[in-house]
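Engineer: Pasted the sequence and its predicted model underneath.
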Amino acid sequence: MIQHYLGPQRSCIVCRTKLPAHELLRFVCSPDAELVLDYRHKLPGRGAYTCCKPSCYAKALDTHAFARAFKRPCKPASIHVIVQQLRTQVLAKVVSLLGMARKSGIAVSGQQAILHALRRPREVAWVLIADDMAPAAAEKFQRQVHEISVMRGIDKQILTQALGSGERSAVLLKKSPLAQALKRELQRYVDVMGEV
Ligand SMILES: [Zn+2]
């Protein structure tokens, strides 16, 4: 019965782990027989799924598991190309979720507004500090948010673009399902930036 609420389940073509489809990576084979990562699960055609673990998608590339899953030839793709696609698409999702967070009023940016929001710590989910915030400023800011969870991983330029504002080097997220989804996505981005 629980499965009903988790959406359709799919198996990783390598380790066979069964998970809700949205927790797996979806790949399609383009009309030119190129392997394409379909991070948002939107491209048409037969999909093949792997875990988000690099060991699984790397093995799928090495063993021609994709061609078998698509039941047609698919040109070999290098792990570097796939990791690059993953980085680009995960970052696009982070930017899109940040934009949604701003529109729905759960993203607070600007130093004064953040300090104001920190007066109600129970409503705060986490704070993002841009990687390129000046070290002294970041240290001071970190002291001000002391018990709140801090995320890093993107720079000021991306943050500013995502929030559609003047230059921003920090953003505070209020507790909400969207803040949780954004944290998961940002963590995935940090993880994939650490890959080959
Ligand atoms: Zn797997």
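Structural biologist: Structure's in. What do you need?

Engineer: Work out for me the element Lys93 sits within.
Structural biologist: Secondary-structure assignment from DSSP states H and E places Lys93 in helix 79-103.

Engineer: typed the wrong thing, it's Leu19
Structural biologist: Assigned by DSSP H and E, Leu19 falls in strand 18-20.

Engineer: Listing partners with orientation, what would you give for that strand?
Structural biologist: Under the criterion DSSP bridges, strand 18-20 sits next to strand 9-11 (antiparallel) in its sheet.

Engineer: Can you name the residues in contact with stretch 173-193?
Structural biologist: Stretch 173-193 is touched from outside by 52, 83, 86-87, 90-91, 93-94, 97-98, 100-101, 104-108, 117, 122-128, 151-154, with contacts defined as C-beta atoms under 8 Å, 6 or more residues apart in numbering. C-betas here are computed from N, CA, C, even on glycine.

Engineer: can you do 7 Å?
Structural biologist: 52, 83, 86-87, 90-91, 93-94, 97-98, 100-101, 104, 106-107, 123-126, 151, 153 (C-beta atoms under 7 Å, 6 or more residues apart in numbering).

Engineer: are any of the residues you listed buried, and which?
Structural biologist: Among those, those classed as buried by 16 or more other C-beta atoms under 10 Å are 52, 83, 86, 90-91, 93-94, 97-98, 101, 106-107, 124-126, 151, 153.

Engineer: Give me the three-state assignment for Phe27.
Structural biologist: strand (DSSP: H, G, I helix; E, B strand; the rest coil).

Engineer: Which pLDDT value does the model give it?
Structural biologist: In this prediction, Phe27 carries a pLDDT score of 97.

Engineer: Flag the shaky bits of the chain, pLDDT-wise.
Structural biologist: 1-6, 196 (pLDDT under 70).

Engineer: who's in contact with the closest residue to Gln85 other than its chain neighbours?
Structural biologist: Excluding its sequence neighbours, the residue lying closest to Gln85 (C-beta to C-beta, 6 or more residues apart in numbering) is Leu37, at 4.2 Å. Taking C-beta under 7 Å, 6+ apart as the criterion, Leu37 is in contact with 25, 27, 82, 85-86, 89.
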